[in-house]
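Participant: pasting a predicted model and its sequence here:
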Number of protein chains: 2
Amino acid sequence: MMIRPARREDDDAIWRIIEPVIRAGETYALPRDMTRADALAYWTGPDRETFVAEQNGGIAGTYYLRANQQGGGAHVANCGYVTAEDATGKGIARRMCEHSLDRARTRGFRAMQFNLVIESNERAVRLWQSLGFEIAGRLPGAFEHPRLGAVDALVMYRAL
Amino acid sequence: MMIRPARREDDDAIWRIIEPVIRAGETYALPRDMTRADALAYWTGPDRETFVAEQNGGIAGTYYLRANQQGGGAHVANCGYVTAEDATGKGIARRMCEHSLDRARTRGFRAMQFNLVIESNERAVRLWQSLGFEIAGRLPGAFEHPRLGAVDALVMYRAL
């Protein structure tokens, strides 16, 4: 697997990966009816670096890295990761997160924060914990899950 | 004191209030060198409602109210408040926060979240606690304070 910066030609592959996650609305706080254009503008916006994970000639995942805040908070990074539906369970999210931690250190970030990890997304919570993130906060009912109703969201954080 | 929606004619008064806070860089994660145009675009952006607190014919404070997230997180509100330097200590922030809680309820929000309350801003922490907010999370060293260096930031949260 090779992780490299996304290019404009990757838009179709990125959309193919992120659309089902946006439509499901179970893990990202994005409008479920978000258009392709809005979603790509978000995922590949000028305020962030976007990467893709290439495997066997295809794109198996994508992530973005950005500053979580400006000013006095600009040394804390934030990322979002999505693995292609047909490639889950193969360690791709882990590889992308490891890549993002390295990239964030290289860019001088001193911590990484996930603002809204949905607690029902247990695999993600465990994965981030195994990569050194701690649960820094719990937001009661902060996420309206399409199937489960109001669920807690976690703020996860680690120094770099 | 009357709290009302901000109008374009309030821009000068809003800038007079928020500029010192932005330049100080001690409580908001905004670039300390932010321009007037960028600051007003942020504070009065189309994604939020902006209010001003009128007192004795002048503007003594301003706040914004917005959704903290989209999609499954859109029922959680977020606000920022600034009191004019020459009007602090008179309960204006408290009045603005009470107003924002009412307004958020009216709009159907079910919770309010402050993402980055700087721990050294002790007066604010106490004020939000007295208004029903709990410390939902602690972010170690997440804010680079111009005088104090890296300080913790708190995530504060309350149901509505």
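Facilitator: Received it, and whenever you're ready, just let me know what you need. Numbering: from 1, shown residues only, chains lettered A, B, ... in the order given.

Participant: centroid-nearest residue for chain A?
Facilitator: Closest residue to the average C-alpha location of chain A: residue A:80 at 1.5 Å, with CA atoms, centre = their mean.

Participant: against residue A:43, how distant is that residue?
Facilitator: Distance, residue A:80 to residue A:43, by CB to CB, to the nearest Å: 8 Å. Where C-beta positions appear, they are placed from N, C-alpha and C, glycine not excepted.

Participant: now the common contact residues for those two.
Facilitator: residue A:64 (CB atoms under 8 Å, 6 or more residues apart in numbering or on different chains).

Participant: coming back round to it: beta partners of the residue nearest to the residue nearest to the centre of chain A when sequence neighbours are not counted?
Facilitator: Once flanking residues are discounted, residue A:80 sits nearest to residue A:64: 5.4 Å by CB to CB, 6 or more residues apart in numbering or on different chains. Beta-bridge pairing of residue A:64 under DSSP bridges involves residue A:50, residue A:80.

Participant: residues of chain A that sit close to chain B?
Facilitator: Contacts of chain A with chain B, taken as CB under 8 Å from any CB of the partner chain, map to A:25-26, A:28-32, A:34, A:69-76, A:110-111, A:113, A:115-116, A:118, A:136-146, A:150, A:153, A:155, A:157, A:159.

Participant: and the buried ones among the residues you listed, selectable in ChimeraX?
Facilitator: Remark: buried members of the residues of chain A next to chain B, expressed as a ChimeraX selection using 16 or more other CB atoms under 10 Å in any protein chain shown:
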select /A:25,26,28,29,30,31,34,69,71,72,73,74,75,76,110,111,113,115,116,118,136,137,139,141,142,143,144,145,153,155,157
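
Participant: just checking, the residue nearest to the centre of chain A touches residue A:63?
Facilitator: Yes - with contact defined as CB atoms under 8 Å, residue A:80 counts as touching residue A:63 (6.3 Å).

Participant: so which bits of stretch A:83-103 are buried?
Facilitator: A:83-84, A:87, A:92-93, A:95-97, A:99-101, A:103.

Participant: then stretch A:116-134?
Facilitator: Buried residues in stretch A:116-134, defined by neighbour count with 16+ other CB under 10 Å: A:116-121, A:124-125, A:127-128, A:131, A:133.

Participant: correct me if wrong: residue A:143 contacts residue A:121.
Facilitator: No - counting by CB under 8 Å, residue A:143 sits too far from residue A:121 to count as a contact (9.4 Å).

Participant: picking up where we left off before, what is the nearest of the buried residues of stretch A:83-103 to residue B:54?
Facilitator: residue A:100 (46.8 Å; CB to CB).

Participant: hmm, back to that, what's the farthest-apart pair in the buried residues of stretch A:116-134?
Facilitator: A:120 and A:131 (19.4 Å).

Participant: please name the nearest non-neighbouring residue to the residue of chain A found nearest chain B.
Facilitator: Nearest residue of chain A to chain B, counting by CB to the nearest CB: residue A:137, 1.7 Å away. Leaving aside its sequence neighbours, residue A:137 sits nearest to residue B:137 (CB to CB, 6+ apart; 1.7 Å).

Participant: report the angle between the helix or strand containing the one you found and strand A:134-145.
Facilitator: Element membership for residue B:137, per DSSP states H and E: strand B:134-145. When axes from the mean of the first three to the mean of the last three CA atoms, to 10 degrees is applied, the directions of strand B:134-145 and strand A:134-145 differ by 120 degrees.
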